[in-house]
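Participant: Test case, fold it:
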Amino acid sequence: MASAALLGFGCALLLPARGEAAGAAAAPPRPSASAAATPTRAATPIATATGTAPADPDGAGTLREGDSGPDVTELQERLLRVPDVYRDGSADGRYDGELRAAVARFQLWYGISGDETGVYGDDTRRALESRTTVDGG
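Facilitator: Residues are numbered from 1 along each chain as shown. Sure thing, here's the model as predicted:
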């Protein structure tokens with residue numbers, strides 16, 4: 001008898017209630033109580049020269065493949081001081097695939113997490129700056 005009741009209860013959970021089947025496609029599912037209580041984190045807009053853009057999840061000042069300039073040159077100079085991380089790399093100020101691979105290698109070898117692999121964000125910057133210096137600064 002108990003198994004019949006359990007089987008009936010299980011079927012009731014699987015089958016939609018009367019009138020619910022037709023309206024199920026039209027009505028979006030409601031979030032569960034735990035999903036409704038969990039806040040979502042939206043990117044905070046930051047002011048830029050061209051307007052507002054979402055904040056970088058890896059921190060302000062993040063460098064990634066495609067970037068260029070003096071900050072990239074400083075990154076390259078620092079990586080050249082870490083043995084075998086950016087071997088034969090150049091300090092030309094361009095964040096290319098070779099530099100991305102060197103940053104990823106540095107992150108892996110020194111156990112850095114928190115930034116995307118191959119992206120020079122806040123966590124990677126702190127770790128590299130604590131281990132290196134650059135000339136003139």
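Participant: Do a quick rundown of the helices in this structure.
Facilitator: Counting by DSSP state H, the chain has helices at residues 2-14, 20-24, 33-37, 70-80, 97-109, 122-131.
Participant: can you state the direction angle for the fourth one and helix 122-131?
Facilitator: Read it as helix 70-80. Computed by axes from the mean of the first three to the mean of the last three Cα atoms, to 10 degrees, the angle separating helix 70-80 from helix 122-131 equals 60 degrees.
Participant: so what does helix 70-80 touch, helix or strand wise?
Facilitator: Here helix 70-80 touches helix 97-109, helix 122-131, going by 3 or more Cβ pairs under 8 Å, 6 or more residues apart in numbering; DSSP states H and E. For every residue, glycine as well, the C-beta is placed using N, CA and C.
Participant: can I get those helices in JSON lines with mean neighbour count and distance to residue 82?
Facilitator: Putting the helices and strands packed on helix 70-80 into JSON lines (neighbours: other Cβ atoms under 10 Å; distance: least, Cβ to Cβ, whole Å) gives the following:
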{"stretch": "helix 97-109", "mean neighbour count": "19", "distance to residue 82": "6"}
{"stretch": "helix 122-131", "mean neighbour count": "16", "distance to residue 82": "7"}
